[in-house]
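**Q** Prediction below, plus the sequence it came from.
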Amino acid sequence: MTAIMPTTSPWTVIVKNPARLTVTPNLLDYDGGCASFRWDDERRTLDGLGGGRVNIAHEAVDRHAAGARSAHDALRFVGRDGTVRGVTFAELSDATGRFASVLRVLDVGRGERVFSLLGRVPALYTAALGTLKHGAVFCPLFSAFGPEPVRQRLELGGGKVLVTTRALYLKRIAHQRSDLPELRHVILIDSAGRPEPGTLDFETLMRHAAPYGSAAATRPEDMALLHFTSGTTGRPKGAVHVHDAVTAHSATGRYALDLHPEDVYWCTADPGWVTGTSYGIIAPLLHGVTTIVDEEEMDPERWYRILAEQHVTVWYTAPTALRMLMKAGAERAKLHDLSALRLVASVGEPLNPEVVVWGQEALGLPIHDNWWQTETGGIMIANFASMDIRPGSMGRPLPGIEAAIVARDEDAQPVIRDGEVELVVDPGVVGELALRPGWPSMFRGYLNEEERYRKCFVGGWYLTGDLARKDADGYYWFVGRGDDVIKSSGHLIGPFEVESSLMEHPAVAEVGVIGVPDDVAGEVVKAFVELKPGFEASDVLNRELIGFARKRLGTAVAPRRIEFVAALPRTRSGKILRRLLKARELGLPEGDTSTLEAGR
Ligand code: AMP
């Protein structure tokens, strides 16, 4: 791949003047900060548990509960009705200890998996941190997932415990409980003392639980978190993260999010997404700051009110949400006092330069884009608080992170010369974004899929699957995915998962799924369907198929649009060419079609 892109942005660089910043940024001098950074120094800012042991929950909660911040609000919940409830570090330590005791009583062992299927409710934080405290592994799921993705992930992850709500249990799990023999306990957070058959009541368990004592003395390399992510083909992958990831959560909270102890921080990520754990739970607590948690979904008026009334200083959100705010109009923002806000960061999808500039106009601050993925466990590339922003760029690598652009050949494979991966040196040349392994939050495997994990590393680099370019000043620019995976409203969606589900409908012969551009969601899922003989394309069947997919996959994953086609483009070996479907949909050149099956 040798495409050359312009190395300058058509947008004016937003120059940050450190003297004008309300708080001195933690990373004032980028080059100096990177040169002197050592992961071991960052480890020394943490407590540890003696003997080289470390536990994320101890660092995030108990350390502060035992110190000067014990009465400081760790979390501040904004309920659906707007009521606000603070939970101090001391209270969070007690609650998470109780949950850890519950797991002990339920005979959940170290390293066993505890899943959550919850929205942003207090029990989520108790369960996540209590699980880590006990030395078990926490695995969050999206509550918007339908029964199929939920079952598949519980099965692949060998879930022993699931914490969820009564409604979600009845809708997603109850009917397929017998398909999940490993799932020993389902804990319902809202069954008010009357759990469904085969489930346990969270409140009752917590009331009777004894204090736990200190967190389990886990080793740095013990598994702590399991996050499922999607690939182009095959089953979802369970990315394994270890307790030492806390070192990276701490460093990135300090440098990319610029957290200072008196900050009021708000991360709007869904709890099912890796961001919801790394930066919705762990990183802010490590820095002892107060985290706002809003139970409700996105609503412009509500969000501006929360920013203003809670005096949010650091806000971590996502492009889809920002585009929705932008659509609602900059004047809506101006009706609120957002003067406490000092840093707005965004992640998860490409952030249009227009949105960065809109931030400046509507919020009085540009949006600081940053980049990472489930596998990296933490932010890898960022626009730092002190740094000039080039709208459209993801920024520069974090201290301790070595990034590069790897050259790709015509078959989209990394170019290897004399056993070495060839790195792109010329500014603006597109290749695959790669990272030098060794940072603490790097995934340590895909659960039970050694081969799939191994393939991510070539010639001493971790290949991210994203295409990017670097400019002459070391800023990275996102170009696109190197595979067919779809990003819709921040959700990473594997086309194969959607195709497999639609294939179960009796009318469907073949299906190809792609992402098509959408103004707000970035991309939405579109399925091209070839019908079986005897079935006629119609609006009724179109709606039926969308409903069928929604019921199984959930609204976040199911296709938004379906188009019936007489024949899908396939290679001679029968593989559906999603790349060609996409090119045709977007009116782009079809590229090399030499492997195309005749007549397609
Ligand atoms: P996930 O593992 O679900 O967090 O998705 C990670 C993927 O989201 C990355 O590999 C990128 O394709 C995309 N992504 C994350 N952050 C950004 C960003 N700042 N700009 C563009 N794409 C991003």
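**A** Cool, the structure landed. Numbers count the residues shown, from 1 in each chain.

**Q** low-scoring pLDDT stretches of this structure, where are they?
**A** 1-11, 592-600 (pLDDT under 70).

**Q** Which residues of it lie near the ligand?
**A** Residues of the chain lying close to the ligand (CB under 6 Å from any ligand atom) are 229, 274, 347-351, 369-371, 373-374, 394, 464, 466, 478, 481, 487, 492. From N, CA and C alone the C-beta is placed, and that goes for glycine too.

**Q** Weed out the non-buried ones from these.
**A** Among these, those scoring as buried are 229, 274, 347-351, 369-371, 373-374, 394, 464, 466, 478, 481, 487, 492 (criterion: 16 or more other CB atoms under 10 Å).

**Q** Just those: which are in helices?
**A** Under the assignment DSSP state H, those contribute residue 274 to helices.

**Q** quick one, what contacts the nearest residue to residue 409 once chain neighbours are set aside?
**A** Nearest residue to residue 409, sequence neighbours excluded (CB to CB, 6 or more residues apart in numbering): residue 415, at 5.3 Å. Listed by CB atoms under 8 Å, 6 or more residues apart in numbering, the contact partners of residue 415 are 406-409, 421-422.

**Q** repeat that with 10 Å
**A** The neighbourhood of residue 415, defined by CB atoms under 10 Å, 6 or more residues apart in numbering, consists of 1, 406-409, 421-424, 431, 459.

**Q** Show the buried residues in the residues you listed.
**A** Buried subset of those (neighbour count, 16+ other CB under 10 Å): 1, 406-408, 421-424, 431, 459.

**Q** what's the spacing between the spatially most distant residue from the centre of the chain and residue 543?
**A** Most distant from the centre of the chain: residue 534, at 42.6 Å, with distances by CA atoms, centre = their mean. According to CB to CB, to the nearest Å, residue 534 and residue 543 sit 19 Å apart.

**Q** What is the most widely separated pair among the buried ones among the contacts of residue 415?
**A** The distance between the two most remote of the buried ones among the contacts of residue 415 (CB to CB) is 16.7 Å, for 1 and 459.

**Q** Quick check: chain neighbours aside, which residue is closest to the residue of the stretch 151-300 of the chain found nearest the ligand?
**A** Closest residue of the stretch 151-300 of the chain to the ligand, CB to the nearest ligand atom: residue 229 (4.9 Å). Closest residue in space to residue 229, ignoring its immediate chain neighbours: residue 374 at 4.0 Å, by CB to CB, 6+ apart.

**Q** can you check residue 321 too?
**A** residue 298 (5.4 Å).

**Q** roughly how far apart are that neighbour and residue 351?
**A** 16 Å.

**Q** same question, residue 283
**A** 20 Å.

**Q** do residue 278 as well
**A** From residue 278 to residue 351 the distance is 19 Å (CB to CB).

**Q** And residue 326, by the same measure?
**A** Residue 326 is 11 Å from residue 351, by CB to CB.

**Q** Identify the contacts common to the two.
**A** 319, 359.

**Q** all helices of the stretch 51-200 of the chain, in order?
**A** Under the criterion DSSP state H, counting those that start in this stretch, the stretch 51-200 of the chain contains helices at 56-57, 63-65, 89-105, 122-133, 147-157, 166-168.

**Q** Turn the contacts of residue 415 into TSV, including distance to residue 93 and secondary structure.
**A** Listed next are those as TSV, based on distance: CB to CB, whole Å; DSSP: H, G, I helix; E, B strand; the rest coil:
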residue	distance to residue 93	secondary structure
1	51	coil
406	45	strand
407	50	coil
408	49	strand
409	54	coil
421	46	strand
422	51	coil
423	46	strand
424	48	coil
431	47	strand
459	45	coil
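
**Q** Dig out what the residue lying closest to residue 449 once chain neighbours are set aside forms beta bridges with.
**A** Distances taken as CB to CB, 6+ apart put residue 237 closest to residue 449, at 6.5 Å, once the chain neighbours are dropped. Beta-bridge pairing for residue 237 (DSSP bridges): residue 229.

**Q** neighbours of residue 237, just the number please.
**A** Number of residues near residue 237 (other CB atoms under 10 Å) recorded here: 24.

**Q** which ones are touching it?
**A** Per CB under 10 Å, 6+ apart, neighbours of residue 237: 156, 227-231, 374-375, 443, 445-449, 452-453, 456, 494.

**Q** Just the ones in strands from these, please.
**A** 227-229, 445-446 (DSSP state E).

**Q** For the residue in the stretch 201-350 of the chain positioned nearest to the ligand, give its distance to residue 523.
**A** Of all residues in the stretch 201-350 of the chain, residue 350 sits closest to the ligand, at 4.0 Å by CB to the nearest ligand atom. Distance of residue 350 to residue 523, given as CB to CB: 10 Å.

**Q** Show me the common contact partners of the two, please.
**A** With CB under 10 Å, 6+ apart, residue 350 and residue 523 have common neighbours residue 487.

**Q** Report the contact partners of residue 318.
**A** 267-270, 273, 275, 298, 324, 345-349, 351, 489-490, 522.

**Q** Just the buried residues from those residues, in ChimeraX please.
**A** Buried residues among those (16+ other CB under 10 Å), as a ChimeraX selection:
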select :267,268,269,270,273,275,324,345,346,347,348,349,351,489,490,522
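
**Q** Okay, strands next: where are they in the stretch 201-350 of the chain?
**A** With strands called from DSSP state E, counting those that start in this stretch, the stretch 201-350 of the chain shows them at 223-229, 237-242, 264-267, 290-294, 314-317, 343-346.

**Q** can those strands go into JSON lines with extra columns for distance to residue 390?
**A** Shown next, in JSON lines, are these (distance: least, CB to CB, whole Å):
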{"stretch": "strand 223-229", "distance to residue 390": "28"}
{"stretch": "strand 237-242", "distance to residue 390": "30"}
{"stretch": "strand 264-267", "distance to residue 390": "24"}
{"stretch": "strand 290-294", "distance to residue 390": "29"}
{"stretch": "strand 314-317", "distance to residue 390": "20"}
{"stretch": "strand 343-346", "distance to residue 390": "15"}
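
**Q** Of those, which is nearest residue 78?
**A** Across the strands of the stretch 201-350 of the chain, closest to residue 78 is strand 290-294 (CB to CB), at 4.6 Å.

**Q** Could you list the paired strands of that closest one along with their orientation?
**A** strand 73-78 (parallel), strand 264-267 (parallel).
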